[in-house]
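Student: I would like to see how this sequence folds:
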Amino acid sequence: MKPQSRSSHGLLLSGRQWLGLLAASALFGTAAPRLWDHFEALPDGPDERIAFDVSGDYRLYGRLAARAVARGRVLVIGDSMVWGQYVPRERTLCHFLNVQAGEARFENLGLDGLHPAAMEGLLRYHARGVAGARVLLHCNPLWLSSPKQDLTGAEPVHFNHPELVPQFFPRVPEYREDSSRRIGIAVGRRLAVDGWSRHLQQAYFGMTDIPSWTIEHPYENPLGVMSGAFSPERALRAEGRVEGLRHRPIPWTEAGSTAQDFPWVRLDASFQWRSFQRVVGLLKERGNHVFVLLGPFNEHMILPSSRPAYARNLAGIKAWLTSNGIPFSAPPHLPTAEYADASHPLAPGYARLAGELRRDVDALFARK
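Tutor: Next comes the predicted model:
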């Protein structure tokens with residue numbers, strides 16, 4: 001009997017062919033993201049900020065930050081307080097700073113949920129272009145307001161931007177990801193193609209990978225979707241929706257919030273504070289001129305029982321900044337009606353805060 005022939009749809013590659021395939025993959029992974037960055041038009045409008053829907057697009061953040069540096073802008077870096085959680089982009093802190101400056105001199109590089117540990121990873125791995133610039137860095141006491149916010153609680157919790165925190169050292173107590181995932185994140189930080197893929201998913205394909213998208217849209221050309229500039233916030237405006245507003249812009253007292261007994265974490269035990277110190281050190285190492293905005297936290301929401309701990313933390317932060325020669329501004333807290341919650345001002349609060357900063361950061365307003 002004639003033996004049956006064995007066939008396969010697989011290909012057997014020689015050692016040389018495997019090397020060639022690896023070399024071609026490496027070349028593609030290096031060249032394709034750079035070529036894409038060269039041809040893709042970035043969002044560029046007055047009071048531009050990163051849309052909430054692409055808050056996890058760290059490659060986009062790095063590109064926008066590098067462009068702001070090249071334009072000689074003052075980079076305003078921080079969390080959703082800088083981003084403007086309760087206001088459209090025409091009413092953020094950066095907007096009012098630019099109004100007072102008489103030109104677009106400040107760039108909104110706030111990012112929703114950017115706690116200090118995430119900020120360190122974002123700047124270290126994804127925004128290396130932030131060098132030799134002027135930086136207005138926000139220090140938000142909110143991240144010290146409880147062990148949960150500080151990431152030093154006993155129980156694992158969901159928190160923003162876990163891909164940006166240290167994966168192995170220093171240890172993040174509340175971060176309980178498995179080792180394989182941590183290794184993947186650590187390796188991906190150093191691969192341009194990983195950030196590029198994430199950018200494409202978030203900016204064009206609704207957070208899905210391209211193969212999955214083609215299954216959902218069998219008659220559409222993915223290249224057509226990827227062509228041209230993108231701006232999720234402008235899309236909201238075109239649809240007649242209020243741009244950028246994620247919450248009703250009303251004072252915290254009208255929203256039903258009440259004063260709280262915040263379980264403040266001491267500075268000497270705080271993971272987030274150590275992360276913020278490393279952020280300042282990293283920015284200084286890269287030749288940036290750093291000016292820190294401390295607060296203003298909504299002290300109207302702090303019950304008398306927890307005010308002494310808050311005051312000690314505030315005093316400790318000021319002492320560290322002073323001893324390290326870091327210029328800073330600690331404006332007085334705003335009127336209660338100008339806060340939307342514990343740490344987010346409303347539009348009148350941002351306008352008032354910009355006025356306070358104008359008197360304190362003249363060096364940042366000056367041209368290079």
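
Student: what does residue 249 show for phi and psi?
Tutor: When read as degrees, to the nearest 10, the backbone of residue 249 gives phi -80, psi 70.

Student: how about the nearest residue to it, chain neighbours excluded?
Tutor: Distances taken as C-beta to C-beta, 6 or more residues apart in numbering put residue 86 closest to residue 249, at 4.6 Å, once the chain neighbours are dropped. Every residue, glycine included, has its C-beta placed from N, CA and C.

Student: distance check, the one you found against residue 340.
Tutor: Distance from residue 86 to residue 340, counting by C-beta to C-beta, to the nearest Å: 4 Å.

Student: what residues do those two have in common as contacts?
Tutor: By the contact definition C-beta atoms under 8 Å, 6 or more residues apart in numbering, residue 86 and residue 340 are jointly contacted by 247, 249, 346.

Student: which one of the residues you listed sits closest to residue 272?
Tutor: Proximity of the shared contacts of residue 86 and residue 340 to residue 272 (C-beta to C-beta) peaks at residue 247, which lies at 23.3 Å.

Student: you'd agree the closest one is up against residue 80?
Tutor: No - in this structure, residue 247 is not within contact of residue 80 by C-beta atoms under 8 Å, at 10.2 Å.

Student: when the two are compared, which one has more neighbours?
Tutor: residue 80 (21 against 12; other C-beta atoms under 10 Å).

Student: tell me the SS of the nearest residue to that one once chain neighbours are set aside?
Tutor: Leaving aside its sequence neighbours, residue 80 sits nearest to residue 112 (C-beta to C-beta, 6+ apart; 4.6 Å). Secondary structure, DSSP: H, G, I helix; E, B strand; the rest coil: residue 112 is coil.

Student: do you know how far residue 112 is from residue 79?
Tutor: Distance from residue 112 to residue 79, by C-beta to C-beta: 7 Å.

Student: out of these two, which sits in the more crowded spot?
Tutor: Neighbour comparison, residue 112 and residue 79: the larger count goes to residue 79, with 23 against 18 (by other C-beta under 10 Å).

Student: got the contact list for the more buried one?
Tutor: Contacts of residue 79 by C-beta under 8 Å, 6+ apart are 110-115, 119, 138, 140, 142.

Student: just the buried residues of those.
Tutor: 110-112, 114-115, 119, 138, 140, 142 (16 or more other C-beta atoms under 10 Å).

Student: among those residues, which two are most distant?
Tutor: Most distant of those, by C-beta to C-beta, are 111 and 142, 14.6 Å apart.

Student: can you report how many residues lie near residue 120?
Tutor: Neighbourhood size, residue 120 [other C-beta under 10 Å]: 23.

Student: surely it and residue 282 touch.
Tutor: Yes - at 6.8 Å, residue 120 counts as touching residue 282 under the criterion of C-beta under 8 Å.

Student: so residue 62 versus residue 96, what's the distance?
Tutor: Distance from residue 62 to residue 96, by C-beta to C-beta: 26 Å.

Student: and these two? which has more neighbours close in?
Tutor: residue 96 (24 against 21).

Student: quick one: the closest residue to the more buried one other than its chain neighbours from residue 76, how far?
Tutor: Closest residue to residue 96 apart from its sequence neighbours, by C-beta to C-beta, 6+ apart: residue 354 at 3.6 Å. As for residue 354, its distance to residue 76 is 11 Å (criterion: C-beta to C-beta).

Student: what do the two both touch?
Tutor: 93, 97.

Student: what about the helices in the stretch 251-368 of the chain?
Tutor: 271-285, 307-323, 347-360, 362-365 (DSSP state H, counting those that start in this stretch).

Student: can you redo those helices as TSV with distance to residue 150?
Tutor: Formatted as TSV, those follow (distance: least, C-beta to C-beta, whole Å):
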stretch	distance to residue 150
helix 271-285	5
helix 307-323	11
helix 347-360	25
helix 362-365	29
